[in-house]
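Visitor: Got a predicted structure plus its sequence, pasted below:
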Amino acid sequence: MTNMGETLKFPFYARITLILLGLISVFYIFYISQDILVPVVFAFLFAILLRPVMLFFKRTLHFPHVLAVIFTVLSFVIVVVGIVIFLSVQISDFTEDWGMIQKNFAIHVSHLQDYVRQHFDISKREQQQYINDATKDTMKTGKQILGSTLLSFTDTLVNLILVPIYLFLMLLYRTHFMKFLCKLIKPEHHGKLEEIIFEVKNAVKGYINGLIIEMIIVSVLTTVGFMIIGVKYAVLLGLLTGLLNLIPYIGILVAGLLSIVASLSGSPELSIIIGVVVVNLVVQFIDNNILVPMIVSSKVQINAFISILGIIIGGAIAGIPGMFLAIPLIAIMKVICDRIDFLEPWGYLVGDDLPKTYQWKKMKFPLYNYENNATGHVDAEIKKPLFTGTTTAVAPTLPSDDNNKTNPGTEIS
């Protein structure tokens with residue numbers, strides 16, 4: 001029995017069990033209610049991103065709170081609608097060249113069949129028969145995929161309509177929600193609550209702003225590359241590549257295939273297709289090795305293993321929206337875990353704590369003691385835990401090259 005004022009402490013196995021059950025419950029609830037929660041989470045992220053815009057209307061232009069929220073949401077909707085209209089116009093022009101794309105594609109297929117006939121001694125009729133046999137069953141599945149895609153597209157349109165509504169209400173009732181959190185948390189923890197809210201805002205704004213900057217740079221680089229090699233609809237393909245690049249893993253593959261197909265609208269030359277592939281590879285190399293580490297990953301500090309695992313789980317739960325939302329939700333979880341004592345190890349697990357590097361001449365080496373030593377010297381000292389029958393203690397700091405002089409019966413090596 002415990003008194004009312006005492007805190008009930010559970011053993012480690014009970015705590016880990018409760019945490020895992022809580023995570024499973026959260027994932028299950030998100031899965032069965034994804035149609036409701038996905039637009040709400042998107043609106044929450046955009047509300048954090050657009051709060052400075054609302055404050056600009058409210059404090060600089062001295063708009064009333066309601067008008068500031070309305071103009072903020074309208075600005076957001078105008079930007080989104082403008083992008084959609086531009087893409088629609090470009091795509092309508094692109095569809096007019098569909099006949100030319102089919103003609104040029106048939107030329108490449110004919111060249112490929114001639115190559116197979118000459119080197120593998122398989123006639124065009126046999127090749128066509130193989131293709132027909134291979135695609136016989138895929139027609140039915142293709143229709144099913146098309147139907148599910150149209151249904152998913154309809155759901156996405158409904159969600160896009162709901163996002164501005166939720167966004168308006170979240171910005172309007174922001175103070176109300178903050179007061180709710182203050183009433184929910186004990187007054188002595190309000191300082192930690194304020195710190196968590198501040199860090200969540202910084203993490204979400206940094207991540208989304210980083211994605212927007214990355215999208216713009218990828219779009220510009222791809223557009224310039226396609227213009228140099230003479231691809232038609234270079235601006236459209238560059239913008240689509242930047243947008244689809246926001247979808248982890250599969251987005252850039254879809255963008256690459258679309259770019260190859262679109263390149264057939266101008267010329268049947270194989271060099272154009274090779275140029276498109278080279279441009280995409282170069283842009284992706286720059287994106288993965290420069291833009292993502294400097295602009296995106298540095299804002300959230302999540303290690304690559306947890307990022308990939310979170311994206312896969314998010315895709316399994318909620319499809320493409322789940323893949324997009326995985327990283328910001330993990331970043332929010334990490335901020336909360338880092339500032340709650342019994343969850344701090346989980347925050348460390350999610351975080352990225354790779355060793356820093358130091359430079360010697362023109363080469364960089366990992367600095368394993370995590371300190372900025374001007375000399376580049378690595379201190380290899382460790383603390384070895386000592387265990388007794390009832391207590392656990394930390395032994396004095398021992399050099400790594402020390403001959404084990406402590407009692408071997410009480411030391412865990």
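Guide: Thanks, I have the structure now. Numbering: from 1, shown residues only.
Visitor: Residue 286 and residue 224: what is the separation?
Guide: 12 Å (CB to CB, to the nearest Å). From N, CA and C alone the C-beta is placed, and that goes for glycine too.
Visitor: wait, I meant residue 62
Guide: For residue 62 relative to residue 224 (CB to CB), the value is 42 Å.
Visitor: More neighbours: which of the two?
Guide: When residue 62 and residue 224 are compared on other CB atoms under 10 Å, the one with more neighbours turns out to be residue 224, at 13 against 9.
Visitor: if I pick the more buried one, what's in contact with it?
Guide: Listed by CB atoms under 8 Å, 6 or more residues apart in numbering, the contact partners of residue 224 are residue 238.
Visitor: same thing but 6 Å
Guide: For residue 224, the contact set (CB atoms under 6 Å, 6 or more residues apart in numbering) is empty.
Visitor: same thing with residue 71?
Guide: Applying CB under 6 Å, 6+ apart, the residues contacting residue 71 are residue 57.
Visitor: if we go to 8 Å?
Guide: Residue 71 neighbours (CB under 8 Å, 6+ apart): 57, 63.
Visitor: which stretch of helix or strand covers it?
Guide: Taking DSSP states H and E as the criterion, residue 71 maps to helix 65-95.
Visitor: Next: residue 21.
Guide: Using DSSP H and E, residue 21 falls within helix 12-32.
Visitor: Just give me how far the helix or strand just after that helix sits from the chain centre.
Guide: Tracing the chain C-terminally past helix 12-32 and defining elements by DSSP H and E, one meets helix 34-55 next. Relative to its chain's centre, helix 34-55 lies at 16 Å (CA atoms, centre = their mean, to the nearest Å).
Visitor: In stretch 278-286, which residues are buried?
Guide: The neighbour-count check on stretch 278-286 (16 or more other CB atoms under 10 Å) flags 279, 280, 283, 284 as buried.
Visitor: What separation is there between the third one and residue 222?
Guide: Distance of residue 283 to residue 222, given as CB to CB: 5 Å.
Visitor: next one: the last one
Guide: Separation of residue 284 from residue 222 (CB to CB) stands at 10 Å.
Visitor: Pull up the overlap in contacts between residue 283 and residue 222.
Guide: Residues touching both residue 283 and residue 222 comprise residue 241, with contact defined as CB under 8 Å, 6+ apart.
Visitor: just to revisit the earlier point, flag every buried residue along the helix holding residue 71.
Guide: For helix 65-95, burial by neighbour count (16+ other CB under 10 Å) applies to 68, 69, 70, 71, 72, 73, 76, 94.
Visitor: Give me the nearest residue to the fifth one, chain neighbours excluded.
Guide: Right, residue 72. Among residues not flanking residue 72 along the chain, residue 54 sits closest, at 4.4 Å (CB to CB, 6 or more residues apart in numbering).
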